[in-house]
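Student: what shape does this take:
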Amino acid sequence: MKVTGIIEVNNNRRKVILEDGTNFVLYKGELGKLHINVDEELDDKDYERIMNEILPKRAKLRGLNLLKNRPYTEYQLRQKYKDGGYPDGIADIAIEYLKGLHMIDDYEYCRMYMTFKSTSKSRKRIINDLMNKGVPRDIIEEAMNELDDNGDLAREEELILKLIDKRHYNKEEASYEEKQKMMSYLYGKGFSMDLIRCLT
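Tutor: As a prediction, the model looks like this:
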């Protein structure tokens, strides 16, 4: 297959573009070792080696390094691979490998995130945050129901009262304007208006 383009990504890395639109990133030194040049054919054996050995190994190591520092959802990790110039098929291989090591688990990610954030965020905000991280809604709901059933999530009433107290709000002495301001603040935090009305 013919190489139609080589684009500099940074000092050490180059994006190789093939005539069928396939593209991948290699180190500059690898281009020399594999004799990859624009307008020249890429040997089939070299292509197979890139796709079956070099890139999968590199993607697995990349994933391990990323997950060493903090957890990622599957979607977030796919974005990292995409940003790094890895083809989708290579990302699939790496993600299956990492799942096999139990290093990616969206359900467990949800449980940890919810347990930690339920003391400072409304459930609505937590759900939105997790959906923005690419977690499917059914996984979010399942994790939330389990934690709820086990009593592992902070109660929203307690969280609202804590936020009210932190802002030195007195329900009995608050003016209409102060009450509206507090209600707006809590609503912006993602709490339901029914709950807000009861507590302010």
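Student: check which helix or strand covers the residue nearest to the spatial centre of the chain.
Tutor: In the chain, the residue lying closest to the centroid (CA atoms, centre = their mean) is Gln76, at 2.8 Å. For Gln76, the host element (DSSP states H and E) is helix 74-83.
Student: just Met114 next, same as before
Tutor: Met114 is part of helix 106-117 when elements are defined by DSSP H and E.
Student: packing partners of that helix?
Tutor: When contacts are defined as 3 or more CB pairs under 8 Å, 6 or more residues apart in numbering; DSSP states H and E, helix 106-117 packs onto helix 123-132, helix 137-149. Where C-beta positions appear, they are placed from N, C-alpha and C, glycine not excepted.
Student: quick check: angle from that helix to helix 74-83?
Tutor: If you take axes from the mean of the first three to the mean of the last three CA atoms, to 10 degrees, helix 106-117 sits at 110 degrees to helix 74-83.
Student: so the residue of the chain most remote from its centre is in which element?
Tutor: Distance from the C-alpha centroid of the chain, by CA atoms, centre = their mean, peaks at Glu173 (44.2 Å). Applying DSSP H and E as the criterion places Glu173 outside every helix and strand.
Student: rewinding a little: closest one to Gly32 among the helices and strands packed on helix 106-117?
Tutor: helix 123-132 (41.9 Å; CB to CB).
Student: report the angle between the axes of that closest one and helix 137-149?
Tutor: Here helix 123-132 runs at an angle of 140 degrees relative to helix 137-149 (the same axes, to 10 degrees).
Student: from here on, count from 14
Tutor: Understood, numbering begins at 14; the last thing we discussed is helix 136-145.
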